[in-house]
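J.: My questions are about this predicted structure, shown below with the sequence.
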Amino acid sequence: MARTVLEVRSLEAGYEPGVPIVRGASIRVEEGEIVVVLGPNGAGKSSFIKAIAGLVPVSGGSVTLDGQDITGAPAHRMVRLGLAFVPQTENVFPLMSVEDNLKVAGGVLPKREVAPRIEEMYRLFPDLRERRTTPAGNLSGGQRQMVAVARALMVRPKLLVLDEPSAGLSPKFVSMVFQMLTDVRKAGVTILLVEQNAKAALAIGDRAYVLVEGRDAHEGVASELWNDPVVAELYLGHRASPAQGGESR
Amino acid sequence: MNMQFLVDGLLTGSMIGLGAIGVTLTYSILRFSNFSHGDLMAWGTYATLMFVGAITALFGKVAPIAPLSFGWPLLLALALGMLFTGGLALLLDKILFQRLRAKGQMIIVVMASFGASMALRSLLEFLFTSSPAYFSRAIQIAKPIGFGIRITPDQIALLLLTAALVTAVHLLMTRSQIGREMRAVSQNIGLARVVGIDVARVVRFTWLIGGALACVAGVMIGVLVQIRPLMGFDMLLPVFAAAILGGIGSIPGAVLGGLIIGLSEAAAVQIFGAEWRAAIAFVILMAVLFVRPIGLFGVGER
């Protein structure tokens, strides 16, 4: 039986007090899994994942990481608690070199572990080694996501959380990013992501949750969810047909 | 044309540049124009003057390091003064700016810095009167070094000190972890938090460095010209001009901006007369900003 890395119980969260956007969502992530959170626009997916990462105020429920209660911890503490978050946009420091992006994230590690960890990241993402001195803002969208993920992995997190890693990328880069995430999982990292691009996300995910109106409405094995007619029609915006994946934004 | 303006310009430019580093740092990391920066320069200078007095009282009169007009007491006092000014900047942030920053409106923080500027300046005038003070009354003979240029040993020493400090700050920003964290906070404060950076610590560090450099800039003016409560405030315009000219947020830019302003002011004095001093500097500033609105080393908002 795999260890539970993340356990979210009836989470309530929102930017303004009394106006919850997330209204009692519960999910669970086991060690080594890729878990996908899907849902129509406005379902509160992004707020949900940001609340887990300490970026949206939590008003109820609990978040447990590896047995430790991390509910509502401030964002800058999350990294030290073992949760690394990759925001949807502006997720690299554009004027800093690739290597400085990694180094600055390594501040959480003991000093002597930083250089070896950067080396491990270059082995996992060989493209970044070639671009180590390039300002991250000058990279392509796909490579920028690579920097963002490598930066998050610097601290050896127990859980990697990504907010729509495919947002704003051209189709070529979308497949590159999802390929990268399966590689990252192979390296032993547990992943939780929210996605608009349901088809691509379900293709790499183990399990998935569908979020509707701030609650978890469905849970299932990722590969089966795509063909679940109820889920498909109501929440993913397609009719259980071999149509192109994902809804347009 | 007499080349003497080069020395005068480099010296003025160094003072302006050191002040501009502090302004550009606070602007890029805390996102507000700190108009009390000039008064931090003056406070640092008076503090250093007090420390020199205390050291002289403790150890008796110390002979200057030949051929300079000052001895080790001034250097020690400068180090203490830098700490003091850094601490003063921190205190100012703690009791004033931090609270206002938390409320979000930047214009309020800027106005508060105006208020702090006036309060600090008045307090100095109250404590030390507005008549000028000096680190040393010794007169130095400027030595000719060719091309019609004369320079005093003090001037050479202070130019070297500026070069050393600017290099040190540049290395700190590019090579050290705290420097990377400062750049990270200035580029994206939200992401900096997500990455695990303690933003409050970075802010404290920014004030310390800005304050310490303001003190050095003030002491330079004190050694080369004179010490007055208004000495910092009078530098505010060229200091801001230098920071903007160099591109807000850029340390090499601030220094280069300072040197350009200093040199063009000195050249203007020689070519057009002293009354054109400030005007020429600002014509250059505007001309550069017409061509390159983000400043020489600036980067656009992303």
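T.: Everything's here; your move.

J.: Look up how far A:Ala43 lies from the residue in the stretch 101-250 of chain B positioned nearest to chain A.
T.: Nearest residue of the stretch 101-250 of chain B to chain A (C-beta to the nearest C-beta) works out as B:Gly196 at 3.4 Å. Every residue, glycine included, has its C-beta placed from N, CA and C. The gap separating B:Gly196 from A:Ala43 is 29 Å, by C-beta to C-beta, to the nearest Å.

J.: picking that back up, tell me how many other residues crowd the residue of the stretch 101-250 of chain B closest to chain A.
T.: Other residues lying near B:Gly196 total 23 when counted by other C-beta atoms under 10 Å in any protein chain shown.

J.: Show the contacting residues for it.
T.: B:Gly196 makes contact with A:76-80, A:105, A:107-108, A:155, according to C-beta atoms under 8 Å, 6 or more residues apart in numbering or on different chains.

J.: Please indicate which of those residues are buried?
T.: A:76, A:78-79, A:105, A:107-108, A:155 (16 or more other C-beta atoms under 10 Å in any protein chain shown).

J.: From those, pick the one nearest B:Ala112.
T.: The closest of these to B:Ala112 turns out to be A:His76 (C-beta to C-beta; 26.3 Å).

J.: So for the closest one, what's the nearest residue that isn't a sequence neighbour?
T.: Sequence neighbours aside, B:Arg193 is the residue nearest to A:His76 in space, at 4.4 Å (criterion: C-beta to C-beta, 6 or more residues apart in numbering or on different chains).

J.: Near chain A, which residues of the stretch 101-250 of chain B? Just list them.
T.: Residues of the stretch 101-250 of chain B lying near chain A by C-beta under 8 Å from any C-beta of the partner chain: B:177, B:180-181, B:183-184, B:187-188, B:190-191, B:193-199.

J.: Which two of those residues have the greatest separation?
T.: B:Gln177 and B:Gly190 (19.8 Å).

J.: So A:His218, which state does it fall into?
T.: Here A:His218 is strand, with the state taken from DSSP: H, G, I helix; E, B strand; the rest coil.

J.: Just give me the neighbour total for it.
T.: A:His218: 17 neighbours (other C-beta under 10 Å).

J.: Show me what it is bridged to.
T.: A:Val210 (DSSP bridges).

J.: so it sits right up against A:Trp226, yeah?
T.: No: with contact defined as C-beta atoms under 8 Å, A:His218 does not count as touching A:Trp226 (12.0 Å).

J.: quick one: the helices in the chain?
T.: Went with chain A since none was named. A:45-52, A:75-81, A:98-105, A:111-124, A:126-130, A:141-153, A:171-186, A:198-204, A:222-225, A:229-231 (DSSP state H).

J.: my bad, the chain I had in mind was chain B
T.: Under DSSP H, chain B gives helices at B:4-30, B:37-59, B:72-92, B:98-103, B:106-128, B:153-175, B:177-187, B:189-194, B:199-224, B:231-246, B:251-272, B:277-291.

J.: now for the third one, which elements pack on it?
T.: Counting contacts by 3 or more C-beta pairs under 8 Å, 6 or more residues apart in numbering or on different chains; DSSP states H and E, helix B:72-92 is packed against helix B:37-59, helix B:199-224.

J.: most neighbours per residue, which of the ones you listed?
T.: Highest mean neighbour count among these (mean count of other C-beta atoms under 10 Å in any protein chain shown): helix B:199-224, with a mean of 24.

J.: Mind telling me which residue of chain A is nearest chain B?
T.: Counting by C-beta to the nearest C-beta, chain A gets nearest to chain B through A:Val79 (3.4 Å).

J.: Please report the distance of the nearest residue to that residue once chain neighbours are set aside from A:Leu128.
T.: The shortest distance from A:Val79 to any non-neighbouring residue, by C-beta to C-beta, 6+ apart, is to B:Gly196 (3.4 Å). In this view, B:Gly196 and A:Leu128 are 20 Å apart by C-beta to C-beta.

J.: If anything else comes up later, I'll come back, but that's it for now.
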